[in-house]
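Student: this one's structure only:
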DNA sequence: CCAACCTAACTGTGATCACAGATCACGACA
DNA sequence: TGTCGTGATCTGTGATCACAGTTAGGTTGG
């Protein structure tokens, strides 16, 4: 279930230190600039990313309990980075630590879920408007690629639920990326982190929502609006997508009291 | 500068365990219900709250460096809870940990500040609308009380800068509380956490912005709209408040490149 | 007088240990 | 047979230690 943490591909042991140059050009780093500050990722950040991915994909069900030691063992790291990751996610209410005992995935009440949905309509709707205004052709092409991937996964037989969830996420965030507002994306990521477990839990196993096609319809309308740079239409399409998904979740009703 | 962490007033040693009852009424907990789950606050949470308060109040300047060990010593706790607090705040981009060296308060660029301002307009504007629709008379009275406190602090001679900052914060969040959307408040708190250091840094020492009175004017309009339950006017007043503050910050220009 | 080196102090990160408290299963008593 | 006490086990929290990497300051060599 939880994959062991792999060493990051760009992880490099101490910087080459540029040993082969003499005195000249010591202040002109040539290509050294474009290697770009080699992002050193701490173990805690990697565990955080791992757990975040599991949450937004619905791989961790609401109410599911986690144990720091178990997660640490599963990921092949010490308990310390897991503590850091859980602490961060708990600060975002993406996980909750029970007063006495374990940490678990929060169980949303109907009221909480509806609030989250309203906030998504406001924030992601705004992002869609901005994206329609500022998207470059390349960015639109990326959204289109993810839209195609989603359609393929949804119409496959049998439907590729995991692929559809991933493509849906990529599509949405490619759109939001086009808004060019990093803090906005962070906000949306936090919303997805809270809504992900309940939104995507029943995707795997019984992807009945994919059959309806409302998501594909909304995505197509969104892409069309994006190409026409029609911000109002983009917002409307995205709101339809969110509303349809929320209505489905409410109908199957796995929400808490 | 950093106050030592006090033991929480409601901290209680293990629950009374109700030793004096016999067999009867064992299922009827009398008054035991109303004691209410005694909220146990962990040390890490307290340090987090302390740092958050310092950030939103502008007591920590952008670019200021923190040291885990120093903060721990100043607060009279071990390094561990401070690590947790900094880790959480760093996840919110309210602090940033430099790859090699210390942790510091982020320095916003002009672009980042403008993005934050736009997001505040969207999110807090929405909150103001909702608050105008759903505020109870008691909540409106609370907003009014904070508004009066702000006016007193701003018009005092000499101006009570710290008091004005606190009253301004209380006023805004009393308003947002009236919207009745907890996750929305969390979102706004995160925005304030990022904008606080730059928004309030020059309040203390040289509270020249208070003289202008634009804040008092916007607050009065906001309160009036709230009483008339005019959501559009409430949003407009709040947007004017935010825009005026942002314009002032940009004019004094302590923003990074 | 300036620059380069080098050492000492300090940084966050991660691991390990200790501990209070909660849960759960088992067994004794009514 | 049902209920309560009780100990073993596991939980997150906090403290302490070890370490690689960085910074700053002093010193030496030019």
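Tutor: Great, that's in hand. Please read these numbers as outputs of a predicted model, since none were measured by experiment.

Student: buried set for the longest helix belonging to chain A?
Tutor: Across chain A, the longest stretch assigned as helix under DSSP state H is helix A:110-134. For helix A:110-134, burial by neighbour count (16 or more other CB atoms under 10 Å in any protein chain shown) applies to A:112-113, A:115-132. In this view, the C-beta of every residue, glycine as well, is placed from N, C-alpha and C.

Student: so which of those residues are also by chain B?
Tutor: A:112, A:115-116, A:118-119, A:122-123, A:126 (CB under 8 Å from any CB of the partner chain).

Student: excluding its backbone neighbours, what's nearest residue A:140?
Tutor: residue A:226 (5.5 Å; CB to CB, 6 or more residues apart in numbering or on different chains).

Student: ignore what I typed, I meant residue A:64.
Tutor: Leaving aside its sequence neighbours, residue A:64 sits nearest to residue A:105 (CB to CB, 6+ apart; 4.8 Å).

Student: and for residue A:190?
Tutor: In space, residue A:190 is closest to residue A:92, 5.4 Å off (CB to CB, 6+ apart).

Student: that neighbour touches residue B:187, doesn't it?
Tutor: No: Residue A:92 is beyond contact range of residue B:187, at 10.6 Å (criterion: CB atoms under 8 Å).

Student: quick one: which of those two has more around it?
Tutor: Using other CB atoms under 10 Å in any protein chain shown as the criterion, residue A:92 and residue B:187 rank with residue B:187 on top: 23 against 19.

Student: what's the distance between that one and chain A?
Tutor: Here residue B:187 is placed at a distance of 6 Å from chain A (CB to the nearest CB, to the nearest Å).

Student: element containing that residue, please.
Tutor: Residue B:187 is part of helix B:182-200 when elements are defined by DSSP states H and E.

Student: tell me the angle that helix makes with helix A:182-200.
Tutor: Here helix B:182-200 runs at an angle of 170 degrees relative to helix A:182-200 (axes from the mean of the first three to the mean of the last three CA atoms, to 10 degrees).

Student: and helix B:182-200, which residues are buried?
Tutor: Neighbour-count burial for helix B:182-200 flags B:183-184, B:186-200 (criterion: 16+ other CB under 10 Å).

Student: which helices and strands sit right next to it?
Tutor: helix A:110-134, helix A:182-200, helix B:43-56, helix B:110-134, helix B:161-177, helix B:231-252 (3 or more CB pairs under 8 Å, 6 or more residues apart in numbering or on different chains; DSSP states H and E).

Student: residue A:249: which of those is closest?
Tutor: Taking CB to CB, helix A:182-200 is the member of the helices and strands packed on helix B:182-200 nearest to residue A:249, at 6.1 Å.

Student: mean confidence for that closest one?
Tutor: Averaged across helix A:182-200, pLDDT comes to 94.

Student: now swap in stretch A:243-257 and tell me
Tutor: For stretch A:243-257, mean pLDDT is 84.

Student: do it and chain B meet?
Tutor: No: between stretch A:243-257 and chain B, judged by CB under 8 Å from any CB, nothing touches; the nearest distance is 14.5 Å.

Student: quick one: the closest residue to residue A:255 other than its chain neighbours and chain B, what's the gap?
Tutor: Among residues not flanking residue A:255 along the chain, residue A:110 sits closest, at 4.7 Å (CB to CB, 6+ apart). Remark: distance between residue A:110 and chain B (CB to the nearest CB) = 14 Å.

Student: how about the contacts made by residue A:110?
Tutor: A:250, A:255-256 (CB atoms under 8 Å, 6 or more residues apart in numbering or on different chains).

Student: burial of residue A:145, as a residue count?
Tutor: Applying other CB under 10 Å, we find 14 residues neighbouring residue A:145.

Student: what helix or strand is it on?
Tutor: Residue A:145 belongs to helix A:137-155, assigned by DSSP H and E.

Student: any idea how far that helix is from the chain center?
Tutor: 16 Å (CA atoms, centre = their mean, to the nearest Å).
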